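S.K.: Okay, here's the prediction I keep looking at, along with the sequence it came from:
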Amino acid sequence: MRYDKNMMKIIVIGGGAAGLACAVMLAGAGKRVTVLERGERLGRKLSATGNGQGNVTNVRMDETHYFSDDPAKVARVLSHFSASDAVAFLERMGGIFLPDARGRVYPAGRQASAVTDLFRRELERRHVDVLTGAFVEKLDVSGKFTARYAGGEAEGDAVVLAAGGRAARQFGTDGSAYALAASFGHTVTPTSPVLVQLRCDPAAVRGLKGIRVDAGLRVMRAGKEVYACRGDVLFTESGVSGDAVFRASSYAQKGDTLLVDLLPDVPAARVERAVGQGADGLLCVVCNGLARHIVRLTGGGARAAALIKAFPLTVTGTLGFDYAQATRGGIPLAEVDEHLMSVRRKGLYFAGEILNVDGECGGYNLHWAFASAHAVAEALS
C-alpha cells in the first residue's frame, strides 16, 4: 500500500489489548501506524483473559469499579467509551459479544484467542505495520520520536506507550516499559499485584488443597468489613484462589482477615441444628475434606457450626506478579492530560495497564485498555 508522505506516523509500543485497539482505531482514522511488540506474537495476554474465555467488558460500567490517583479522569475516559461502545467497536471487526448474568461480556464462542485473531485480521486489513520481537530499549526525540530496538528503529510523529505493567511476566509485561516513561521525567507510583491468589497461614488450609466451594467472602480489617462478595473459593497449598478471591484481592491487604461462609444460602441456626453436638454431625453439610479439617480444629458441635459460617483466614500476602492478572500502580494520571498525553513531553501518550489504573475482576481491566486506547486515538485523530 502506498502512503501519503505527509500522513501522520504513529508508533504504538506494545501489542496487547490497549496497543492493538489503539492501532486499529488510529489506522481507521487514516494514520500510518507501526506496532512494536517485544514478543513473537501479538495479544498473548489478551488470549488468556477471562480464564481463556475473553471477558472483554462489563455492562455495569463506571469509575466506581476502578482504583487510581484521579477517579475524575477515569470517569471522563469512560464517559467517552461505554460498554456498549466497546461491544460496537469489537463487532465492527466481526463476531458477536453477549453479557452473562453478572454483566460480564464475552464473545459468543467463549474463546479469548478468537478476540486476538479479530485484531490481527483487522490490522492486516488496515495495512498496519507490525514488528514482533522488537523490544524497545530507548526512545529519542529530535523533532520526531525514534524508537530504538535490537536490530532496527522506527520513527514517528507521536508515540503511544501501551506496553503494560508488571503482571503476568510470562506474557512479556515485566515493568521494563516504565523506564521509557521515566526517561521523559515521569514517575511511577508503587506497584503491587491484584486479581491474584492470596496467601494465608499454611496451618489454616493444610489438607484442603483442591477443595472448591461456592462461598460468601468478607474482607475484615480492624474488625470492620471492607469488602464482601460471593463466588468460587478454591483452597490451595498456600492459601486461596478462585473467582471470589480474585475480586477480593483488589481490596485485601497483608494482615486482613478473610471470613469464608461455606454455606452462604443456609442461615446459621439451620447449620447449628444440622451439625448438632457430635463430631460426625457434618455429614451432608460440607464435603468430607472440609468436615475432617473443621472437626480437627473444633471437635465438632457449635464451634464447628460457627466455623462453617465464618471460616477465618489471615492474609499473609499474594502469589505475586507472575500469577496476577493486573498491576496496581504505574504512571500517575496526574502526569497526563485528559487525552492521556504526557504533560512532560508533547506527543507521548499512554494507554492501558501502564497507567495507574486498575479495575475490579469482571472485564473492567480489559475495558480500560480499550477505553484508554480510544481516548488516545480520539486525540490523535
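M.R.: Here it is on my side, so go on. Numbers count the residues shown, from 1 in each chain.
S.K.: Let me see the domain layout of this protein.
M.R.: Taking automatic domain parsing as the criterion, the chain consists of the domains 9-193+327-380, 198-318.
S.K.: okay, the ones you listed in TSV with mean neighbour count next?
M.R.: All C-beta atoms are positioned from the backbone trio N, CA, C, and that covers glycine. Formatted as TSV, the domains of the chain follow (neighbours: other Cβ atoms under 10 Å):
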stretch	mean neighbour count
domain 9-193+327-380	20
domain 198-318	18
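S.K.: Can you add mean pLDDT and give those domains back as TSV?
M.R.: Shown next, in TSV, are the domains of the chain (pLDDT from 0 to 100):
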stretch	mean pLDDT
domain 9-193+327-380	96
domain 198-318	93
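S.K.: did I read that right, residue 26 in a helix?
M.R.: Yes - assigned with DSSP: H, G, I helix; E, B strand; the rest coil, residue 26 falls within a helix.
S.K.: from memory it sits against residue 379, does it?
M.R.: No - counting by Cβ atoms under 8 Å, residue 26 does not reach residue 379; the two are 10.4 Å apart.
S.K.: which residues do these two both contact?
M.R.: Listed as contacting both residue 26 and residue 379 by Cβ atoms under 8 Å, 6 or more residues apart in numbering is no residue at all.
S.K.: quick one: residue 108 from residue 98, how far?
M.R.: Distance of residue 108 to residue 98, computed by Cβ to Cβ, to the nearest Å: 6 Å.
S.K.: I meant to write residue 153 there.
M.R.: Distance, residue 153 to residue 98, by Cβ to Cβ: 43 Å.
S.K.: what sits against residue 38?
M.R.: Contact partners of residue 38, counting by Cβ under 8 Å, 6+ apart, are 133, 134, 135, 136, 163, 172.
S.K.: which of the residues you listed lies closest to residue 86?
M.R.: residue 163 (21.3 Å; Cβ to Cβ).
S.K.: ok but that closest one is inside a helix, no?
M.R.: No - checked against three-state DSSP, residue 163 lies outside a helix; its state is coil.
S.K.: For the closest residue to residue 144 other than its chain neighbours, name its beta-bridge partners.
M.R.: Leaving aside its sequence neighbours, residue 144 sits nearest to residue 155 (Cβ to Cβ, 6 or more residues apart in numbering; 5.3 Å). Bridge pairing for residue 155 (DSSP bridges) gives the partners residue 146.
S.K.: Residue 155 contacts residue 9, correct?
M.R.: Yes - counting by Cβ under 8 Å, residue 9 is a contact partner of residue 155 at 6.8 Å.
S.K.: Tell me who's in contact with residue 66.
M.R.: Residue 66 touches 74, 357, 358, 359, 360, 364, 368, counting by Cβ under 8 Å, 6+ apart.
S.K.: Ramachandran angles for the third one?
M.R.: For residue 358, the backbone dihedrals (degrees, to the nearest 10) come out as phi -140, psi 150.
S.K.: any idea what sits nearest residue 308, other than its immediate chain neighbours?
M.R.: Once flanking residues are discounted, residue 308 sits nearest to residue 262: 4.9 Å by Cβ to Cβ, 6+ apart.
S.K.: on that earlier part again, reformat the contacts of residue 38 as CSV; add secondary structure and distance to residue 297.
M.R.: Formatted as CSV, those follow (DSSP: H, G, I helix; E, B strand; the rest coil; distance: Cβ to Cβ, whole Å):
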residue, secondary structure, distance to residue 297
133, coil, 53
134, coil, 55
135, coil, 51
136, strand, 53
163, coil, 47
172, coil, 43
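S.K.: my guess is the residue nearest to residue 308 meets residue 286, correct?
M.R.: Yes - the pair formed by residue 262 and residue 286 meets the contact definition of Cβ under 8 Å, at 5.7 Å.
S.K.: Give me the sheet partners of the strand ranked longest in the chain and which way each runs.
M.R.: For the chain, the longest strand by residue count, based on DSSP state E, is strand 224-235. Neighbouring strands of strand 224-235 in its sheet, by DSSP bridges, are strand 212-221 (antiparallel), strand 239-241 (antiparallel).
S.K.: picking up where we left off before, tell me which two of the contacts of residue 38 sit farthest apart.
M.R.: 133 and 163 (14.3 Å).
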